[in-house]
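In: here's a sequence, model it:
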Amino acid sequence: MSEQNLLSIGSILAAFLGSISLYLVMENKQLRWNERLAGLIISWIFIAKAIGNGNFSVLTSIFESSDGSLFESDTMWQFWWSMGHMSDYVFTAGITLLSLIFPITVLRTKTQLKIGLSLIVFLMIYWPVTYSSLGPTWLEFAGFVYLFPALVWTSTYVRFRMLQVQEEDINAGRIADVSAMLLLLLNGHIWFFWVGMFAQEDYFYFVDIAAGWSEAGSAQEYIWQMFYTLSIASGLFIAAFELYILQRTGTVSPVGIIVCAYMCIGIVGFFVLTMGEADQTFILASQSSFKDIWRIFTNQTHFTIARPLIATFILLNFGIIDVSTGRNMKIAKGMAVILIVVATAALLEMVQFIIPVDQTLSAGLLGIVVAVGIGWEERTFDKVVQSRVRVDDLIAETGFEALRLELPESVFTKGNYLMLVYFLILLLLSYINNLSNLYINTW
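Out: Below you'll find the predicted structure:
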């Protein structure tokens, strides 16, 4: 199982989740404006991730098969790189807006909402124009996606977790849980590297910076690492807070257990990723097959497989997608089945990567694992749907209710068409960037 294969699997999972949830959210007419907008944002950011993962999968294949100078290649690698990079702008803008409206609406008035939406639209125009004009540059403010979510969702988590403990309010606990899950969805792959940040190890400083297309020590890398530090701080704070709640009440939430598990894996990862001879450079040490396997099973698995599963749980458990009719229930269950089957098959393939087995035995194991996965999914899906509750009901009479605003159906429909047009514009810009040799000229 290579990184390229995981990117392809992640692209499939994100594509199914994004497209099906987009339809089911539009079918749900009972949602308030912020809940519906949150559902559409989640749908589109995973459509963007599907495009990005697919492009980087093709790009990885080009890199691995290249037998000459990449700069002299006619494989259109600059197109794939550019489209993969710019599609992430939708993810960045979407997650930022999501943190401002869900589960708690930070934008409390119509004026604040207009300003917030205007700034998001401005950034979605500013980023591709800047990138296409200057290439990879610090003016993109790489890592911006981690700023507001870390601040908003962490503070929301603390506020409602304390309400849960002080007033024994189960609803407040669920608001805290969804805030922590959203942070986990966004930051989970970074939390695996938290020890490396404190130990100042190369495996932290050389991770996912501008897709590796920037000079060491640049302002771009500094900004990226600054936001990474904020993300890690939020994870450590949640883990420490859950341990405090455990000491105080004797209980800990399932989401808190998962966050603490991520931090513990980060400790183990420190010893794995720093293996090597004292005189061995990071680049040479990183060729260790065990280190590659560790990254595949931790941050890459979270990045490509865990994210869609977490998002699916949020959409189902908090009533964002419509399952009120038999037809929509079947579609939602089909989406969940597809996700769990693909994810289960991918995990089995990863295990086979470590422990090679005969193809016949492999086929039999795959059948067993998929059957078990589907059976588990059926029970889990029913449990999640039966326990679903809308965020609007959870925060009722808490003082954090969303702005009362009625938006016509045409607003959401036009928004979907605009997103489609936006992706077509990114496609055109990527083609122009390839013709103009954007990366070669900025190298």
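
In: confidence-wise, which helix or strand of the chain is lowest on average?
Out: helix 282-285 (a mean of 44; mean pLDDT, DSSP states H and E).

In: after that helix, which helix or strand is next?
Out: helix 289-295 (DSSP states H and E).

In: quick check: buried residues in that following helix?
Out: Lys291, Trp294, Arg295 (16 or more other Cβ atoms under 10 Å). Glycine gets a C-beta too; all of them are placed from N, C-alpha and C.

In: packing partners for that helix?
Out: With contacts defined as 3 or more Cβ pairs under 8 Å, 6 or more residues apart in numbering; DSSP states H and E, helix 289-295 has these neighbours: helix 254-273.

In: now do the helices in the stretch 251-400 of the chain.
Out: Assigned by DSSP state H, counting those that start in this stretch, the stretch 251-400 of the chain shows helices spanning 254-273, 282-285, 289-295, 301, 307-317, 326-354, 359-386, 391-394.

In: average pLDDT for the last one, rounded please.
Out: What it means is helix 391-394. Averaging pLDDT along helix 391-394 yields 83.

In: for the fourth one, same thing?
Out: Per-residue pLDDT values across helix 301 average out to 86.

In: same check, this time on stretch 76-92
Out: Summarised as a single mean, pLDDT over stretch 76-92 is 90.

In: who touches the residue lying closest to Asp393 once chain neighbours are set aside in this structure?
Out: Take Asp393 and drop its neighbours on the chain: the residue closest to it by Cβ to Cβ, 6 or more residues apart in numbering is Asn171, 7.7 Å away. Under the criterion of Cβ atoms under 8 Å, 6 or more residues apart in numbering, the neighbours of Asn171 are Val389, Asp393, Leu394, Ile395.

In: dump these into TSV; add distance to Glu27 as well.
Out: Compiled in TSV, the contacts of Asn171 are given as follows (distance: Cβ to Cβ, whole Å):
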residue	distance to Glu27
Val389	19
Asp393	20
Leu394	22
Ile395	24
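
In: related to what we said a few turns ago, element containing the residue nearest to Asp393, please.
Out: Going by DSSP H and E, Asn171 is part of helix 170-191.

In: tell me, how many residues neighbour Glu397?
Out: Neighbourhood size, Glu397 [other Cβ atoms under 10 Å]: 7.

In: quick one, phi psi at it?
Out: When quoted as degrees, to the nearest 10, the phi and psi of Glu397 stand at phi 60, psi 30.

In: distance of it relative to Ile101?
Out: Plainly put, Glu397 is 20 Å away from Ile101 if you go by Cβ to Cβ, to the nearest Å.

In: cool, and Leu182?
Out: 12 Å.

In: more neighbours, those two?
Out: Neighbour count, other Cβ under 10 Å: between Leu182 and Ile101, Leu182 has more, with 25 against 22.

In: which residue packs closest to the more buried one, ignoring adjacent ones?
Out: With Cβ to Cβ, 6+ apart, the residue lying closest to Leu182 is Trp153, at 5.4 Å.

In: kindly report the same for Val152.
Out: Nearest to Val152 is Ser99, by Cβ to Cβ, 6+ apart, at 4.5 Å.

In: mind pulling up the pLDDT for that neighbour?
Out: At Ser99, pLDDT is 94.

In: which helix or which strand is home to it?
Out: helix 77-101.

In: what does the helix or strand following that helix rub up against?
Out: Note on helix 77-101: by DSSP H and E, the next helix or strand toward the C-terminus is helix 110-134. The list of residues contacting helix 110-134 from outside it, by Cβ under 8 Å, 6+ apart, reads 82, 85-86, 89-90, 92-93, 96-97, 100, 107, 137, 139-140, 403, 405, 422, 425-426, 429, 432-433, 438, 442.

In: pretty sure Phe102 contacts Asn34?
Out: Yes - here Phe102 reaches Asn34: they are 6.1 Å apart, a contact under Cβ atoms under 8 Å.

In: more neighbours, those two?
Out: The residue with more neighbours, out of Phe102 and Asn34, is Phe102; 27 against 24, by other Cβ under 10 Å.

In: ok, now which ones touch that one?
Out: Contacts for Phe102 (Cβ under 8 Å, 6+ apart) come out as Asn34, Glu35, Leu37, Ala38, Ile41, Leu182, Val391.

In: gap between it and Val129?
Out: In terms of Cβ to Cβ, Phe102 sits 28 Å off from Val129.

In: mind listing what's buried in the helix holding Asn171?
Out: Here helix 170-191 shows 171-191 as buried, counting by 16+ other Cβ under 10 Å.

In: just to revisit the earlier point, how about the contacts of Phe102 in TSV, adding distance to Thr325 and secondary structure?
Out: As requested, the contacts of Phe102 are exported to TSV (distance: Cβ to Cβ, whole Å; DSSP: H, G, I helix; E, B strand; the rest coil):
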residue	distance to Thr325	secondary structure
Asn34	23	helix
Glu35	18	helix
Leu37	22	helix
Ala38	21	helix
Ile41	24	helix
Leu182	28	helix
Val391	22	helix
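
In: filter those residues to the buried ones?
Out: Using 16+ other Cβ under 10 Å as the threshold, Asn34, Glu35, Leu37, Ala38, Ile41, Leu182, Val391 are the buried ones among the contacts of Phe102.

In: ok, so of the residues you listed, who is nearest Met329?
Out: Nearest to Met329 out of the buried ones among the contacts of Phe102 is Glu35 (Cβ to Cβ; 18.9 Å).

In: point out where this structure drops to low pLDDT.
Out: 1-4, 66-73, 206-218, 276-288, 348-378, 440-443 (pLDDT under 70).

In: tell me who's in contact with Thr105.
Out: Here Thr105 is in contact with Asn34, Phe400, Ala402, Leu403 (Cβ under 8 Å, 6+ apart).

In: what of Val106?
Out: Going by Cβ under 8 Å, 6+ apart, Val106 touches Ser99, Leu100, Val152.

In: how far away is it from Ala50?
Out: 28 Å.

In: likewise for Ala38?
Out: Taken as Cβ to Cβ, the span from Ala38 to Ala50 is 19 Å.

In: which non-adjacent residue is nearest Gly84?
Out: Asn55 (3.4 Å).

In: is it true that that neighbour touches Met83?
Out: Yes - between Asn55 and Met83 there is a contact under Cβ under 8 Å: 4.9 Å.
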